[in-house]
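**Q** Sequence first, predicted model second:
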Number of protein chains: 2
Amino acid sequence: MSYKLFTLNNIQAANFLMTPLELKDYLDFEVKRVYFISNPTGDTGNHAHRAEEDELFVQIQGSSTICVDDGSGMQEILLSGPKNAIYVPHMVWHGFKDLSSDCIILALTSTNYDPTRADYVEDYLEFKQLCKN
Amino acid sequence: MSYKLFTLNNIQAANFLMTPLELKDYLDFEVKRVYFISNPTGDTGNHAHRAEEDELFVQIQGSSTICVDDGSGMQEILLSGPKNAIYVPHMVWHGFKDLSSDCIILALTSTNYDPTRADYVEDYLEFKQLCKN
């Protein structure tokens, strides 16, 4: 399966901007873990998940460029908040660069964190080899 | 059931601050909908949910004061991001005031949005009467 980019619905309420996501429209898994990253000073790490972890990334504020490879080659996609989200299933290489200073990215994930990181592929050449198999 | 305040774990990674929530530690429901509010210019509405909707509010950035009443009286709780979250089950009156200009609040909820708003109690006196029954 490949990644999928979404444009979010932004609703201007009387006193705030509201961005709702009915998860059945975005996900095919139950959310087990949520995390968000803020206060960036550089790129994030790059990796793929072997079999377990699927993720939806939501650009909450600011902007970033996600680098993704579903096996067919690396693509760079600009994410702008609060307008964009991207679904990244397992066996899609991904990482974020060019995070704006106010960048906040929310992730909704299909697994609880496993400190052994057995589901992670952190070597790009190994990932490309796995794609061929 | 009453509300429950949480202090979140903030992990300083090499290039960003990461705030993870393993949902089993915070929630007893499957998340059906996520929304976030940003760019505040005033207070949010106040209401309770009759029976369906339970919510976890996460202060992502900035600060706000949540006003909550579980039937035993109104309390005001300062939420500071990215350090605080609060679980608000159904039949707890709630609303946010004093939102800082950079305030972002994330909500994880147990229901998809119902435009009939049949689950909402938006009159405080009606809520207090329901609590007595």
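**A** Noted; the coordinates are in hand. Just so it is clear, the model here is predicted, and its values are computed rather than measured.
**Q** Tell me, how many residues neighbour the residue nearest to residue A:18 when sequence neighbours are not counted?
**A** Counting by CB to CB, 6 or more residues apart in numbering or on different chains, residue A:11 is the residue found nearest to residue A:18 once chain neighbours are left out, at 4.5 Å. Yep, even glycine has a C-beta here, placed from its N, CA and C like the rest. For residue A:11, the count of nearby residues is 12 (other CB atoms under 10 Å in any protein chain shown).
**Q** Same check on the one 4 residues further on?
**A** One way to gauge burial is a neighbour count; for residue A:15, by other CB under 10 Å, it gives 16.
**Q** Just give the nearest non-adjacent residue to it, would you?
**A** The spatially closest residue to residue A:15, leaving aside those adjacent along the chain, is residue B:42, at 3.6 Å (CB to CB, 6+ apart).
**Q** doesn't residue B:36 make contact with the residue nearest to residue A:18?
**A** No: at 11.2 Å, residue A:11 does not count as touching residue B:36 under the criterion of CB atoms under 8 Å.
**Q** Could you report the pLDDT at residue A:133?
**A** At residue A:133, the predicted lDDT confidence score is 83.
**Q** And it, how far from residue A:93?
**A** 15 Å (CB to CB, to the nearest Å).
**Q** Excluding chain neighbours, what is closest to residue A:131?
**A** Once flanking residues are discounted, residue A:131 sits nearest to residue A:71: 3.6 Å by CB to CB, 6+ apart.
**Q** do the same with residue A:69
**A** Nearest to residue A:69 is residue A:93, by CB to CB, 6+ apart, at 4.1 Å.
**Q** same question, residue A:27
**A** residue A:56 (5.8 Å).
**Q** again, but for residue A:26
**A** Closest to residue A:26 by CB to CB, 6+ apart is residue A:56, at 5.6 Å.
**Q** partners of the one you found in the sheet?
**A** residue A:87, residue A:108 (DSSP bridges).
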